[in-house]
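> Please work out how this folds:
(chains A and B)
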Protein chains: 2
Amino acid sequence: MRKLTGKELAQAIRAQTAAEVAAGPQPRLAVVVATDDEASLWYVRSIAKAAAGVGIAADIVDLGPAASPGQIRESLVRLSGDGGVHGLMLQTPLPPGASAQELAGAIDPRKDVDGANPLSLGRLAAGLPAFAPATAAAVMALLDHYGVELKGRRAVVVGRSTVVGKPLAHLLLDRHATVTVCHSRTRDLASVTATADVLVAAVGRAGLIGADHVAPGAVVIDVGTNPTDDGGLAGDVDFEPVSARAGALTPVPGGVGPVTTALLLRHTARAANLP
Amino acid sequence: MRKLTGKELAQAIRAQTAAEVAAGPQPRLAVVVATDDEASLWYVRSIAKAAAGVGIAADIVDLGPAASPGQIRESLVRLSGDGGVHGLMLQTPLPPGASAQELAGAIDPRKDVDGANPLSLGRLAAGLPAFAPATAAAVMALLDHYGVELKGRRAVVVGRSTVVGKPLAHLLLDRHATVTVCHSRTRDLASVTATADVLVAAVGRAGLIGADHVAPGAVVIDVGTNPTDDGGLAGDVDFEPVSARAGALTPVPGGVGPVTTALLLRHTARAANLP
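Predicted structure coming up:
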């Protein structure tokens, strides 16, 4: 079983991004936050730190957990119109009553480095240039990095979220895979996932995918990041039994996660250089 | 085998639309045309005629087959800004060098009654209100009309076009089906399609789907409209052999087609009544 770690790839992307950044004016990423969720705040700080590491300025625009949808929208509109900001993200979760998908429509698509605006998803689906959500893009980058063939192969995505499952289905289709999307209502999940040459788990349920869900030799990508009791992270895939059966498997942590952050930075650098 | 004809459903949609139209100011549909393709022009005239039948005004804005992308865009921008126009469509094919997907971005999403703007597709995928492409919506309307259960069932869509296959995949996912999208690069197509409880053929290749592609008892929806030598239409499904095996099958013509036109009119009436 090949362990598809993301650290080397992430490092290569960061190094390339740092070189791109060094060649031009400094890109700036703004992250709008309206939560006091500790894990989210930790993630946002880790993005800011990673950004600094490649020479990208990052502003955390903290509106506080009591922000109204109107205040969040106003902030996104203002930052979209700010010529000094090149990348713009809206961190979730949001306060009750605020819809991330509705609000993300206020992000200028040219600054939408995490592909959250429905227009970005639609352009992606239509095969037009757009930023893909960084997590979905990270799955594709890992598959490419490890030379996994997609054309004509069967890909099964478990999870139909707007941020991972759905855009990923389009990215895989675009690469000529035959794509199936499963979810909580799928009957006999294992019988579907076991048809996959490439299986992507993006549900957010620790250990959902066991050995019986996986065809011998399949490539398995684990997008899950489920907090464990001891303060660590567990994937959606039950690592030990699946690693005995799969041909290749990403670890959690250390698989998709680091590549996601690196791609957010790459997208920001590219956004700063759009004509 | 149940024959899933679309005529009754189309008639019911038209009658309901006529009643909606009669209750308010007259809706107006504009169809931008830049082709001399006879089949397209015939289709546009048939839409205009059907519109008249329910009290909707239809303008065919014929730019001629030599129109430039700039001229087409200008026309779409003008009609998007025209308060007297409620529905707006861009008919394909377009002149060489003009991209329907790029140009459709100029259609006001509130007037985009055939769901051609990538923003409409993205909103649909994100579960936000949007007009779906009329053909994709017609497939769903037929399935509902005939009481076909989707939740937890396996749906396979053959064809990954932006106007049918992709939006349809999202509509089916939204109804909790497990959805697979196949296409020209799919290996062993029959082995995939034979897993479908609901099979939708939307490729544009006459007779592509034979009996061996279909599970006994499956519901088969044929979106294909392939011109035949004798001036008629043939579907993507080989009707006789498949009808001996499927549980239900739409005819071509007389299945999805009439419902599509009726839904374009319904969308236009609804667009005229958006708040």
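
> now residue A:15: how far from residue A:9?
Distance of residue A:15 to residue A:9, computed by C-beta to C-beta, to the nearest Å: 11 Å. For every residue, glycine as well, the C-beta is placed using N, CA and C.

> Please say which of the two ends up with more neighbours.
Between residue A:15 and residue A:9, counted using other C-beta atoms under 10 Å in any protein chain shown, the more crowded position is residue A:9 (21 against 12).

> what sits against that one?
A:141, A:142, A:145, A:258, A:259, A:262 (C-beta atoms under 8 Å, 6 or more residues apart in numbering or on different chains).

> now those residues: which count as buried?
Among those, the ones that count as buried by 16 or more other C-beta atoms under 10 Å in any protein chain shown are A:141, A:142, A:145, A:258, A:259, A:262.

> Let's have those residues in TSV, adding pLDDT and secondary structure.
Converted to TSV, the buried ones among the contacts of residue A:9 look like this (pLDDT from 0 to 100; DSSP: H, G, I helix; E, B strand; the rest coil):
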residue	pLDDT	secondary structure
A:141	98	helix
A:142	98	helix
A:145	98	helix
A:258	97	helix
A:259	98	helix
A:262	98	helix
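
> want to try TSV for the residues you listed, with distance to chain B as columns?
Output for these, formatted as TSV (distance: C-beta to the nearest C-beta, whole Å):
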residue	distance to chain B
A:141	21
A:142	22
A:145	22
A:258	27
A:259	23
A:262	25
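
> residue ranges with poor pLDDT in the stretch 151-275 of chain A?
Along the stretch 151-275 of chain A, no part satisfies pLDDT under 70.

> now the strands for it?
Secondary structure of the stretch 151-275 of chain A (DSSP state E, counting those that start in this stretch): strands located at A:154-158, A:178-182, A:198-201, A:219-222, A:226-227, A:233-234, A:248-249.

> Tell me how many other residues crowd the residue in the stretch 51-200 of chain A that chain B sits nearest to.
With C-beta to the nearest C-beta, the shortest gap between the stretch 51-200 of chain A and chain B falls at residue A:122, namely 2.7 Å. The number of residues packed near residue A:122 is 31, by other C-beta under 10 Å.

> likewise residue A:95?
17.

> Show me what from chain A comes close to chain B.
A:101-102, A:117-128, A:151-154, A:160, A:162, A:166, A:169-170, A:173, A:176, A:178-183, A:185-187, A:192 (C-beta under 8 Å from any C-beta of the partner chain).

> Check the nearest residue to residue A:57 once chain neighbours are set aside and give its pLDDT.
By the measure of C-beta to C-beta, 6 or more residues apart in numbering or on different chains, the closest residue to residue A:57 outside its immediate chain neighbours is residue A:28, 4.4 Å from it. Looking at residue A:28, its pLDDT is 98.

> same deal with the one 4 residues further on?
pLDDT for residue A:32: 98.

> Ok, residue A:108 next?
98.

> Check the contact between residue A:112 and residue A:86; I expect there is one.
No - using C-beta atoms under 8 Å, residue A:112 is not in contact with residue A:86; the gap is 11.0 Å.

> name the element the most centrally placed residue in chain A belongs to?
What sits nearest the mean C-alpha location of chain A, by C-alpha atoms, centre = their mean, is residue A:135, with 1.3 Å. Element membership for residue A:135, per DSSP states H and E: helix A:134-145.

> Assign residue A:132 to helix, strand or coil.
coil (DSSP: H, G, I helix; E, B strand; the rest coil).

> no, scratch that, I was asking about residue A:71
Going by three-state DSSP: residue A:71 is helix.

> Residue A:92: what's it in contact with?
A:35, A:40, A:100.

> re earlier: common neighbours of residue A:15 and residue A:9, please.
With C-beta under 8 Å, 6+ apart as the test, residue A:15 and residue A:9 reach no residue in common.

> before we move on, the earlier item: surely the residue nearest to the centre of chain A touches residue A:223?
Yes - counting by C-beta under 8 Å, residue A:135 does reach residue A:223; the two are 6.3 Å apart.

> Identify the contacts common to those two.
With C-beta under 8 Å, 6+ apart, residue A:135 and residue A:223 have common neighbours A:164, A:202, A:256.

> Could you provide the residues you listed in JSON lines, with additional columns for distance to residue B:252?
Output for these, formatted as JSON lines (distance: C-beta to C-beta, whole Å):
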{"residue": "A:164", "distance to residue B:252": "37"}
{"residue": "A:202", "distance to residue B:252": "37"}
{"residue": "A:256", "distance to residue B:252": "44"}
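
> Most neighbours among those, which one is it?
residue A:256 (29 neighbours).

> quick one: stretch A:60-79 to chain centroid distance?
22 Å (C-alpha atoms, centre = their mean, to the nearest Å).

> my bad, should have said stretch A:206-215
21 Å.

> now stretch A:41-61: how far from the chain's centre is it?
So, by C-alpha atoms, centre = their mean, the centroid of stretch A:41-61 is 16 Å from its chain's centroid.

> And it, what's buried?
Quick answer for stretch A:41-61 (16+ other C-beta under 10 Å): A:43-44, A:47-48, A:50-51, A:54-59, A:61.

> Touching that stretch from outside, list them.
Contacts of stretch A:41-61 (C-beta under 8 Å, 6+ apart): A:14, A:17-18, A:21-22, A:26-33, A:35, A:75, A:79, A:85, A:87, A:89, A:91, A:261-262, A:264-265, A:268-269.

> Filter those residues down to the buried ones.
Neighbour counting by 16+ other C-beta under 10 Å classes A:14, A:17-18, A:21, A:27-33, A:35, A:75, A:79, A:85, A:87, A:89, A:91, A:261-262, A:264-265, A:268-269 among the contacts of stretch A:41-61 as buried.

> Narrow those to those in strands?
Among the buried ones among the contacts of stretch A:41-61, the members found in strands (DSSP state E) are A:28, A:29, A:30, A:31, A:32, A:33, A:87, A:89.

> I'd like to know which of the residues you listed is nearest to chain B.
For those, the nearest to chain B is residue A:89 (16.4 Å; C-beta to the nearest C-beta).
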